[in-house]
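Peer 1: please work out how this folds:
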Amino acid sequence: MFKRYVLSDIDVDFHEEPASGRIGIQLHPSALRSRLRPRRQNLNDESFINSIPGMEGTPAWRVDPLVQIKVLGDPYSGSFAQGRTMRNSPSVDRFRLVNQKEITANGRTEIVTSLVDPSGLSLSHHISWQEGDQAIRITTNVVNRSTEAVTLEMLSSFSLGGLSPFDPGDSAGRLRVHRFRSGWSAEGRCDTRSVEDLHLERSWHGGAMFSERFGQVGSLPVREWFPFLAVEDIKEGVTWAVQLVWAGSWQMEIFRQHDDICVSGGLADREFGHWSKTLHPGDSICSPTALVTCVAGTLEDACDRLTRLHHEAADTHPVVESNLPIIFNEWCSTWGDPSHEKLLAVAKRLSDSPTRYLVIDAGWYKDTGSSNFFYSHGDWVPNTDLFPCGLEQTAAAIRKEGLIPGLWFEFETCGKDSTAFHLVDHLLKRDGIPVTCMGRRFWDMTDPFVRNYLSEKVIDLLDRCGFGYLKVDYNETIGLGSDHPDGLGEGLRLQIEGVHHFFDLMRKRLPDLVIENCSSGGHRLEPSMLARSAMSSFSDAHELPEIPIIAASLHALMLPRQSQIWAVLRPTDSKARLTYSLAATFLGRMCLSGGIAELSSDQWNLVREAQELYVKAAPTIKHGRSHRFGEIAPSWRHPEGWQVLRRISDDGENTLVVAHSFANSPVNLCVPLPEGNWRIQGNLGGHSVSISHSTLTLAIGEDFRGRVILLEKVSTVRKSDPYSALSAVPAAPPPTVRQTAL
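Peer 2: You can find the predicted model right below:
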């Protein structure tokens, strides 16, 4: 180690390998510094090494490079690596340390490590930390200061080695890997495997490189995996976690050649994502940001540290978002056939409720007399049959009822039944042919014509009609990329930058506009899109029993204040079904849909009760710490067991408990509470609840029931409190409890 920085409670150790000049970093909790173990330097203690002439001194580990980079023309890695990984190519050993600077200003620290190769190609590795954070941000910048063009085939955002620093050898049996899988209407399933299960044990003398390379290719960044990776040392109780900030093709790798596990990630490389980039003299490129943390704690602890970094961007959205307003979206009410009359009926029902936004979803632009809305988007001409007086009048009528009107767009694509579909000079192409997928084509978001067209069709329309809310949908993926001199992957990278630019333009032009990021059920639930939108639709699982499971799982990956959870309400729903749906919305942002105008007075009163409790719970949803309990069988589509999400406010004064039973659930559920006296502020779904010895016991009753309990800490329990007697009721025996990792 040649330099150590302490950022929050994390030690960032820079190591140098004298023989090669490699620079690398290792992270560990500062409090556990004394438990670090010196690594064995060679394999001389292994009998199978000593028996082979010339194998003496075989290294047991090497410094993992600070930056993973591959330059076209350099040799590729040996050790059976090609097709599996481009890490540790000979390119990395061309670079030598120039200097390292620590810059501190306004509570922010930045550590810049500069490296250069003999040709003049320079790397700068940036670690930034804001006082109060318990995680860091890492980016890599490349500048071509040579006199010749240089083509990159790989560039990482981060690269960490030395896992685990608490073991001198190969950490057998102590490391496990956490990732989160994603599918349409099934987002955020935690996948935990041991290093051994991933078949990443080191080869006997380091003669082979092994890599579990995973990620996503295309413009739906969480289509298969979330851009997240964590490694846990289960013996030491330490977790390292990373989240990438990128909406295009990306990759992460769990790498093994020697004793230690190394992890890296960033843009999908040439092998994985068809990416290369030519830098002419003076050109530069910056990698996507990686959010990185290390904690003496669990996966849940690490995830909480990373998602807390999202608050900085979330706080930049319109002030109306400050108290987490409730949304009504008419999609599951009209199914693509909205009209002025239908919307006005909904607005009148909602006018005396805490609901703040009323969103017009898809179909408002479809051709007159047509029922087709799925492929008619792109021209964005309001349907005069549905809105005979224009969208302006409908938006004004909604505002008259005290609501903020919203409008749906899928502006990055155009459907086959639109005129825009045939403007091929302004659409993305692959092999010279417009990229077409199931009746959709993609605007070239780097084209000035497209930016002007969408500025008029989207921004100007929203402004002219008085909409205060925009729902941005995105229902296809570009795939490997689009035509570009450097290759398909670079075409896609520039397209994503163009999308970011347009979102930024909308926010600049309409600073009071609340933006929702939908993207076909959550396929853009990553930090760069979360930062550019006030909230995101968590899933398209609109009326499914697994909604609470998906919603609770996403607490590990995004802030609940930005996770829009749907409750589709029908006049045919029983009270239990309504409560089950409404309770799930307390796991994020409450969004209602369905036959709201047709609900009976009793049903509507239940909705109002839930909304009023949600208003009280909003501060805890906005700023708190989540912990999940439960026993859930493997199937999400046919859930069995139970789940409780306990969220404690950051100030420790409030606790929100959201409970759901599934098939074969126990009758009573028990939830541990922080020490103190607790008063029940609200109880949705029944009154059978007790508090005793810092344990909340609630009767869930039957299968597929939902409950919400909001608790307030008090110094003494007031006798006038109608719930005060409950604190003396003995707690029922708890079911067999398994704490479910977020």
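Peer 1: residue contacts, Phe80?
Peer 2: For Phe80, the contact set (C-beta atoms under 8 Å, 6 or more residues apart in numbering) comprises Ala208, Met209. All C-beta atoms are positioned from the backbone trio N, CA, C, and that covers glycine.
Peer 1: can you tell me how far it sits from Pro545?
Peer 2: 46 Å (C-beta to C-beta, to the nearest Å).
Peer 1: surely Ile234 touches Arg176?
Peer 2: Yes. Ile234 sits in contact with Arg176 when judged by C-beta atoms under 8 Å, with a separation of 6.0 Å.
Peer 1: right, and Val381 touches Tyr365 too?
Peer 2: Yes. Contact status for Val381 versus Tyr365: in contact at 6.0 Å, counting by C-beta under 8 Å.
Peer 1: which of these two has more neighbours?
Peer 2: Tyr365 (23 against 16; other C-beta atoms under 10 Å).
Peer 1: could you report the neighbour count for the nearest residue to that one once chain neighbours are set aside?
Peer 2: Closest residue in space to Tyr365, ignoring its immediate chain neighbours: Trp380 at 5.4 Å, by C-beta to C-beta, 6 or more residues apart in numbering. The burial count assigned to Trp380 is 21, neighbours taken as other C-beta under 10 Å.
Peer 1: before we move on, what about Gly369?
Peer 2: Going by other C-beta under 10 Å, the residues that sit close to Gly369 add up to 7.
Peer 1: number of nearby residues for Glu401?
Peer 2: The burial count for Glu401: 18, using other C-beta under 10 Å.
Peer 1: who are the neighbours in contact with it?
Peer 2: Leu344, Ala347, Lys348, Leu350, Ser351.
Peer 1: could you verify that the third one is part of a helix?
Peer 2: Read it as Lys348. Yes. Per DSSP: H, G, I helix; E, B strand; the rest coil, Lys348 lies within a helix segment.
Peer 1: and it, what pLDDT?
Peer 2: Model confidence at Lys348, given as pLDDT, is 97.
Peer 1: who are the contact partners of it?
Peer 2: Counted by C-beta under 8 Å, 6+ apart, Lys348 has contacts Glu401, Ala597.
Peer 1: re earlier: list the contacts of the residue nearest to Tyr365.
Peer 2: Counted by C-beta under 8 Å, 6+ apart, Trp380 has contacts Tyr365, Phe409, Phe411, Lys457, Val458, Leu461.
Peer 1: make a markdown table out of these and add pLDDT, secondary structure and distance to Ala663.
Peer 2: Below are those laid out as a markdown table (pLDDT from 0 to 100; DSSP: H, G, I helix; E, B strand; the rest coil; distance: C-beta to C-beta, whole Å):
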| residue | pLDDT | secondary structure | distance to Ala663 |
| --- | --- | --- | --- |
| Tyr365 | 97 | coil | 42 |
| Phe409 | 98 | strand | 39 |
| Phe411 | 97 | coil | 42 |
| Lys457 | 98 | helix | 48 |
| Val458 | 98 | helix | 45 |
| Leu461 | 98 | helix | 47 |
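Peer 1: can you show me the strands along the stretch 101-250 of the chain?
Peer 2: 108-116, 121-130, 136-144, 150-163, 175-183, 186-194, 210-216, 228-233, 238-245, 250-256 (DSSP state E, counting those that start in this stretch).
Peer 1: output those in TSV; the columns should cover mean neighbour count and mean pLDDT.
Peer 2: Formatted as TSV, the strands of the stretch 101-250 of the chain follow (neighbours: other C-beta atoms under 10 Å; pLDDT from 0 to 100):
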stretch	mean neighbour count	mean pLDDT
strand 108-116	18	98
strand 121-130	20	98
strand 136-144	21	98
strand 150-163	25	98
strand 175-183	21	97
strand 186-194	18	97
strand 210-216	21	97
strand 228-233	25	98
strand 238-245	26	98
strand 250-256	25	98
